[in-house]
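>>> Return atomic coordinates for the entry below.
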Amino acid sequence: MTRRELQGLLIGVVVLSLAALLPLLDTGYTLSLGVTIAMYAVLTTSWTLFSGPTHYISLATAAFFGLGMYVVGGGLELLPFPALVVIAAVVGALLAGLVGLATLRLSGVYFVIFTLGLSELIRQIMTWAQTTLGTSSGLYVLTDFDERDIYWQLLTLAAMVYLLGWWINRSRLGFALRIIGNDENVAAHSGINTALVKVFLFMISGSVAAITGALLAPRWTYIEPTIAFSPMLSFLVVIMALMGGAHRLWGPALGVIPFTLLWDLVTVHFPNQTALMLGISFLLVVYAIPNGVVGLAEKFWAAFRQWRS
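Below you'll find the predicted structure:
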């Protein structure tokens, strides 16, 4: 382990330790905002594990997230909550594996369209199933968890995802991913099973998103397909990750905090223009800071060091 990597780990431990104190200081609006930030921190980081090195833009986050919520909502009367979280992780991984095997041979806009359509397909299936087999299109999720419990659970998951990402970056798998991201043909000719590597990372990303949905389900007393499988969630995850910088594991977190605060103001003051604001935000991020805040900071730091020398 290099000195720089050790410093990064120590900084991460300090930040997470300080963040864990939030429920002790406030249990109202600030804690609610903290839960939202923690949720997006996990989702954007898991998205970056796959999309960062491979450059595949996935809009399937809402599909895995919603499945996790419905696993908890549908099985809460039958199984304990921890068991349902594990089941959600397995279901998310299996779905991601099936989707990956079918679609990761695609690239560019074709992959983006398919992953976006996946969330809508599952949403329609869930709506049809519940209205046909049940009496309503939603499920009640009644637990003893409050926002403090959910916040600490998400923070623990965030720490686990960061450690997993740190390990992957240092492993042969991370090396293979970087080669795939630079030139997939070169990676294939180098003996790397590109399909297997991409599917494996996509399964991890899908599993984490499903776990996040399962942990967040108790936050809503009542869940329905329009909430669980909202395409807005997938777009927000992509924008936040790109805004922070998807080429660094910790980059998305730098995009999550300011964008969540900004988006909270947008939804309060412009509730009927959220889709328009989302589109404008995406264009600004892509054209103004294509490498994210991290890339911009690295560029200025390199220029400063060159000026100093």
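
>>> Could you pull up phi and psi at the residue nearest in space to the middle of the chain?
Most central in the chain under C-alpha atoms, centre = their mean is Leu43, positioned 1.7 Å from the mean C-alpha point. Note on Leu43: backbone dihedrals following degrees, to the nearest 10 are phi -70, psi -40.

>>> oh, and call the first residue 547 from now on, that's how I've got it
Sounds good: first residue 547 from here, last item Leu589.

>>> My guess is it contacts Ile757. True?
No - taking contacts as C-beta atoms under 8 Å, Leu589 lies outside contact range of Ile757: 10.3 Å. For every residue, glycine as well, the C-beta is placed using N, CA and C.

>>> thought Tyr708 was touching Gly797?
No - contact criterion C-beta under 8 Å: Tyr708 and Gly797 do not qualify, at 11.8 Å.

>>> Please verify my assumption that Gly620 contacts Leu685.
Yes - taking C-beta under 8 Å as the definition, Gly620 is a contact partner of Leu685 at 6.2 Å.

>>> Quick check on these two: which one has the bigger neighbour count.
Leu685 (22 against 16; other C-beta atoms under 10 Å).

>>> List phi and psi for that one.
Given degrees, to the nearest 10, the pair of backbone angles that Leu685 has is phi -130, psi 140.

>>> okay, now the residue lying closest to it once chain neighbours are set aside: neighbour count?
Leaving aside its sequence neighbours, Leu685 sits nearest to Gly619 (C-beta to C-beta, 6 or more residues apart in numbering; 3.6 Å). Neighbour count for Gly619, taken as other C-beta under 10 Å: 24.

>>> what does Arg549 give?
Residues near Arg549, counting by other C-beta under 10 Å: 7.

>>> And it, how close does it get to Ala760?
Remark: distance between Arg549 and Ala760 (C-beta to C-beta, to the nearest Å) = 38 Å.

>>> Same check on Asp729?
Counting by C-beta to C-beta - Asp729 and Ala760 are separated by 37 Å.

>>> before we move on, what about Asn837?
33 Å.

>>> And Ile738, by the same measure?
Taking C-beta to C-beta, one finds Ile738 at 33 Å from Ala760.

>>> Those two: which is more packed in?
A count of neighbours by other C-beta under 10 Å puts Ala760 above the other of Ile738 and Ala760, at 29 against 19.

>>> quick one: that one and Gly711, what's the gap?
Ala760 sits 20 Å away from Gly711 when distances are taken as C-beta to C-beta.

>>> what does Glu770 give?
Distance from Glu770 to Gly711, by C-beta to C-beta: 32 Å.

>>> And for Gln699?
With C-beta to C-beta as the criterion, Gln699 and Gly711 are 19 Å apart.

>>> what's the answer for Leu782, then?
For Leu782, the distance to Gly711 - C-beta to C-beta - is 20 Å.

>>> got the CA coordinates for stretch 743-752 in CSV?
What follows is stretch 743-752, C-alpha atoms only, in CSV (Å, rounded to 0.1, in the frame of the first residue of the first chain):
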residue,chain,number,x,y,z
VAL,A,743,-15.3,-8.9,-16.4
LYS,A,744,-18.1,-6.5,-17.5
VAL,A,745,-20.9,-8.8,-16.4
PHE,A,746,-19.2,-9.4,-13.0
LEU,A,747,-18.9,-5.6,-12.3
PHE,A,748,-22.4,-5.0,-13.6
MET,A,749,-23.7,-7.7,-11.1
ILE,A,750,-21.9,-5.9,-8.3
SER,A,751,-23.4,-2.6,-9.3
GLY,A,752,-26.9,-4.0,-9.6
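
>>> on that earlier part again, neighbour count winner among Leu782 and Gly711?
Taking other C-beta under 10 Å, Leu782 and Gly711 do not tie; Leu782 has more neighbours (23 against 20).

>>> who touches the one helix or strand the more buried one maps to?
Using DSSP states H and E, Leu782 sits within helix 777-790. In this structure, residues lying in contact with helix 777-790 by C-beta atoms under 8 Å, 6 or more residues apart in numbering are 586, 589-590, 593-594, 597-598, 603-608, 611, 661-662, 665-666, 797-802, 804-806, 809, 820-821, 824, 827-828, 831-832, 835-836, 838-840.

>>> Then stretch 752-761?
Against stretch 752-761 from outside (C-beta under 8 Å, 6+ apart): 585, 588-589, 592-593, 595, 606-607, 610-615, 617-618, 630-631, 634-639, 641-643, 645, 696, 699-700, 703, 707, 774.

>>> Give the rounded mean pLDDT of that stretch.
Mean per-residue pLDDT for stretch 752-761: 96.
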